[in-house]
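Participant: Output the structure for:
(2 chains)
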Amino acid sequence: MTAEQQSAGWVQQALKVHEDQAREEEARQEQAREEQARQEQAGHAHRGSPQPLPGTVREELVLERIDRARRSRPRVKEERITMSHGAGGKATQTLIEAVFLDGLRNPLLEPLEDAARLRVGEARLALTTDSYVVSPLFFPGGCIGDLAVNGTVNDLATSGATPLYLSAGFILEEGFEVAELTRIVAAMREAAGAAGVQVVTGDTKVVEKGKADGCYINTAGVGVIEHDLDLGVANAQPGDAIIVSGPIGDHGVTIMLARGELDLEADVTSDTAPMNGLVASLLSATPGVRALRDATRGGVATILNEIAKSANVGVLVSENDIPVRAGVRGASELLGIDPMYVACEGRLVAVVHGDQADQALAALRAHPLGGQAAVIGRVTADPPGIVQLKTAFGGTRIVDLLVGDPLPRIC
Amino acid sequence: MRFVDEFRDADKAHALAAKITALCEPGRRYKLMEVCGGHTHTIYKHGLEDYLPEQITLVHGPGCPVCVIPMGRIDDAMALAAHPDVIMTSFGDMMRVPGSNGSFFDAKAQGTDIRMVYSPLDSLKIARKNPDKRVVFMAIGFETTAPSTAMTVLRAAAEGLENFSIFCNHVTIIPAIKAILDSPDLRLDGFIGPGHVSTVIGCRPYEFIARDYGKPVVVAGFEPLDILQSIYMLMLQLSRGESTVENQYSRVVPWDGNLVALKAIGETMELRPYFEWRGLGFISHSALKVREKYARFDAELLFSVPGVRVADPKACQCGEVLKGVLKPWECKVFGTACTPETPIGTCMVSPEGACAAYYNYGRLTRHRVKEAIQA
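Facilitator: Residues are numbered from 1 along each chain as shown, chains lettered A, B, ... in the order given. As a prediction, the model looks like this:
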């Protein structure tokens, strides 16, 4: 089969799926009409001749059709991996659900939270892993070393666990400078010390020049869960408050500018930091925390969508309440990107019982990492599965999962 | 943030919205077209339609540079990129536009050397760094981006850079607007004129719209208050039965345009006899090609391209959407077969495309929004 036929294939396939849905819908409408006719014959209803549906109702029908299409089983349509599959948006999610979850499905994997929660004997543990391929390796505010420690610590912390032990695997490119590697490892040691964890096992591989980009790191981490809270985005309920722990988008914008490809300068540094202390003070002060998430790739917008989808609720946030630093906002405006989708490496999103929003906020603000924490919105009953943003301008729009790849290799 | 927040002031927006509503004659419906995709993006991104009375409908026009590129040209670009010694450079928007052989992204995943650039001048850097390769820039856009392509060609000529060329797909806005005005299936009351294009061509070229077709035109900026004010200015003209060209975006757009930029375009490019627009078909004198004097930078002459016209997938209604005949959601495949992740039509690709803007930001009917806000 030629490439041409293959790609023509997916268009045909997409159209076929669409036509099947249209037929189903037609059948449903036909049924509804028959039902109505029966009722009319039975004298239950008196209606005039059929009127064309008004525009708003037709639009509503189309939107419902789209909702159904979005709920259908995810399929990877591409034949090969593209950069979008790593961007943390829709393509990543589809890949995870259609390939990884489908192939490896088990009840512990299924929630797709930041870390898996396990029971070993009497102990409740959290286990997570993450790989780091950031480019450049050193950037304002940190480097791949502290990023690799903090990222895994944060995945454990936002799962409600106290992080304990980490592993570190290195994939090094032939020719990589030992002095740089030493600096990276020193940064890891410092970050581990700050987070109160130890790197207790590791692995080293070297690949030929050109087969990797200097240094990649994988870390895995294990932590212990010492409370009875049930954390998970599926727990969100209408009326809950949504909180971010600080200004968003710092890390992603820093990396983008650090690459030097844009001839743009701004006073921004990465926010990479371990959040276990922050999480601990939040959880001890607020029993009504329902979910915590580490806002990394895909940014806050992606997490809000996970909340809306997993809990089948609406999410309404207000642009005016979302903290964004001036430098990040300016750079984002210039580059045409939305800070809502830009990665953070030391910020969490919390879903908290509506009545406890104030105490959660106070607990976060009392911690050095949460000084600018803010309530950015709330969970609503309707429309389920959709994140809405009240713009600073006073209008409303949807905040969907990101498509494509504005910022490759940020972590 | 200075120079941004002033143009997003909700109080001013409420005041303008009230004035706009007051100008609506009872029972009359108004259809205003924003020609430029940048405006479409702003309208949806800031939820501007929430401010407008039901009587006013915004119709999204053809001014999205990515959306109007026909499939055949993308196939030609892919054929160029497939040459083993070619490095193709392109704006990011273009990367996902599907041709009949897939998109640049698909080709990139299969090993074709296609690189994203923010400025055409970045292509020259790549050309200098890779003297054994031939760098081809996929030049797209209206008069907005044509000057930067022209400057790049002039720079390459001055440097004597021999391994650089452009695949020229620049189009011009006026013939497209004329095609829409002459289209029988659309009745418009006025135009929100394109802002960025006008920084280059000025406001004069729109005078025929007001004079010959009796439709008001207001050239508008890209912040939400700019657009709201332009709608107010259009409504004011309509209420007085006038039709003139006005410039709301005077802080950036000079009435006569940017003569230096126009000169650079004129020096390096000339009108093509005809060019195919996606969904609109062939429009005469609507696009630019490289002048003979600079033929050594014209990829179409340096390489052989298939040049085959490829019909759009039957179900795709991009043409009707581009002309504003259909609202994005009225297209048969909108949101089901055609989504931003797997776009069938170009309108779903670029963030400036009407379909992508509606899908990403506006996929809520207004009354549903109001209910949710009130709840």
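
Participant: Hmm, residue B:329 is touching residue A:62, no?
Facilitator: Yes: counting by CB atoms under 8 Å, residue B:329 touches residue A:62, with 4.7 Å between them. Placement of C-beta: from N, CA and C, glycine included.

Participant: Retrieve the pLDDT associated with the closest residue to residue B:118 other than its chain neighbours.
Facilitator: Excluding its sequence neighbours, the residue lying closest to residue B:118 (CB to CB, 6 or more residues apart in numbering or on different chains) is residue A:262, at 6.4 Å. For residue A:262, the pLDDT comes out at 72.

Participant: Mind telling me what element residue A:262 is part of?
Facilitator: Per DSSP states H and E: residue A:262 is located in neither a helix nor a strand.

Participant: Surely it is in contact with residue A:332?
Facilitator: No: Residue A:262 sits out of contact with residue A:332 when judged by CB under 8 Å, with a separation of 12.0 Å.

Participant: Show me which of the two is the more surrounded one.
Facilitator: residue A:332 (21 against 14; other CB atoms under 10 Å in any protein chain shown).

Participant: Tell me the buried residues in the host helix or strand of the more buried one?
Facilitator: Assigned by DSSP H and E, residue A:332 belongs to helix A:326-335. Going by neighbour count (16 or more other CB atoms under 10 Å in any protein chain shown), the buried part of helix A:326-335 is A:327, A:328, A:329, A:330, A:331, A:332, A:335.

Participant: Stretch A:380-389 now?
Facilitator: Of the residues in stretch A:380-389, those buried (16+ other CB under 10 Å) are A:380, A:383, A:385, A:386, A:387, A:388, A:389.

Participant: again, but for stretch B:102-113
Facilitator: Residues of stretch B:102-113 classed as buried by neighbour count (16+ other CB under 10 Å): B:102, B:103, B:104, B:105, B:106, B:107, B:108, B:109, B:112, B:113.

Participant: Read off the pLDDT value for the last one.
Facilitator: Looking back up the chat, that one is residue B:113. 95.

Participant: So it sits against residue B:85, correct?
Facilitator: No: under the criterion of CB under 8 Å, residue B:113 makes no contact with residue B:85, lying 9.4 Å away.

Participant: tell me, what's touching the two both at once?
Facilitator: Contact criterion CB atoms under 8 Å, 6 or more residues apart in numbering or on different chains; residues shared by residue B:113 and residue B:85: residue B:133.

Participant: near chain B, from the buried residues of helix A:326-335?
Facilitator: Counting by CB under 8 Å from any CB of the partner chain, A:329, A:330 from the buried residues of helix A:326-335 sit close to chain B.

Participant: of the buried residues of helix A:326-335, the lowest pLDDT goes to which?
Facilitator: Note: of those, the lowest pLDDT belongs to residue A:335, at 81.

Participant: Is it correct that that one is in contact with residue A:256?
Facilitator: Yes: using CB under 8 Å, residue A:335 is in contact with residue A:256, at 7.3 Å.

Participant: Now the common contact residues for those two.
Facilitator: residue A:262.

Participant: What residue in chain A comes nearest to chain B?
Facilitator: Residue nearest to chain B within chain A (CB to the nearest CB): residue A:395, separated by 2.0 Å.

Participant: list the contacts for that residue?
Facilitator: By CB under 8 Å, 6+ apart, the neighbours of residue A:395 are B:46, B:47, B:48, B:49, B:50, B:51, B:224.

Participant: which element is the residue lying closest to residue A:373 once chain neighbours are set aside on?
Facilitator: Take residue A:373 and drop its neighbours on the chain: the residue closest to it by CB to CB, 6+ apart is residue A:364, 3.7 Å away. Per DSSP H and E: residue A:364 is located in helix A:357-365.

Participant: Next one: the closest residue to residue B:279 other than its chain neighbours from chain A, what distance?
Facilitator: Using CB to CB, 6+ apart and skipping the chain neighbours, the partner closest in space to residue B:279 is residue B:319 (2.7 Å). For residue B:319, the distance to chain A equals 17 Å [CB to the nearest CB, to the nearest Å].

Participant: just residue B:140 next, same as before
Facilitator: 16 Å.

Participant: Am I right that that residue is in a strand?
Facilitator: Yes: secondary structure of residue B:140 (DSSP: H, G, I helix; E, B strand; the rest coil): part of a strand.
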